[in-house]
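Asker: Sequence first, predicted coordinates after that:
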Amino acid sequence: MSATREQIFQTVCDIIHTDLKFSGMDVTDDLELVGGGLALDSLDLLMLVTGIEKRFGHKIATKSLNRDTMGTVGRFVDFAQSELAASKT
């Protein structure tokens, strides 16, 4: 059974609040990861990706990481869900 979108979203929230030290930040689907919103740098983005990989036990294809897949929290959650679902087939 692959992870649900809600499980992935909650994990992303946990990583943002705990690992990236944005406790108290209101995390929504449309919160920008790069630029406005969180304004994460490349190291922060790497921590977000590796956090998902560790928690769900699946390596994410780095060639697929770009502004489309990591522009907002929602886009990243959707991307991570599709990556995790593909690993189960």
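Answerer: Structure's in. What do you need? Numbering: from 1, shown residues only.
Asker: for this protein, which spans come out with low pLDDT?
Answerer: Residues of the chain meeting the criterion pLDDT under 70: 1, 88-89.
Asker: Sketch out the helices for it, chain order is fine.
Answerer: For the chain, the helices defined by DSSP state H cover 5-14, 42-56, 67-70, 73-87.
Asker: Can you check which of those gets nearest to residue 30?
Answerer: Closest of those to residue 30 is helix 73-87, at 6.2 Å (criterion: Cβ to Cβ). Glycine gets a C-beta too; all of them are placed from N, C-alpha and C.
Asker: thinking again about what came up before, make JSON lines out of the helices of the chain and add mean neighbour count and distance to residue 36.
Answerer: Formatted as JSON lines, the helices of the chain follow (neighbours: other Cβ atoms under 10 Å; distance: least, Cβ to Cβ, whole Å):
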{"stretch": "helix 5-14", "mean neighbour count": "17", "distance to residue 36": "18"}
{"stretch": "helix 42-56", "mean neighbour count": "16", "distance to residue 36": "14"}
{"stretch": "helix 67-70", "mean neighbour count": "14", "distance to residue 36": "13"}
{"stretch": "helix 73-87", "mean neighbour count": "18", "distance to residue 36": "12"}
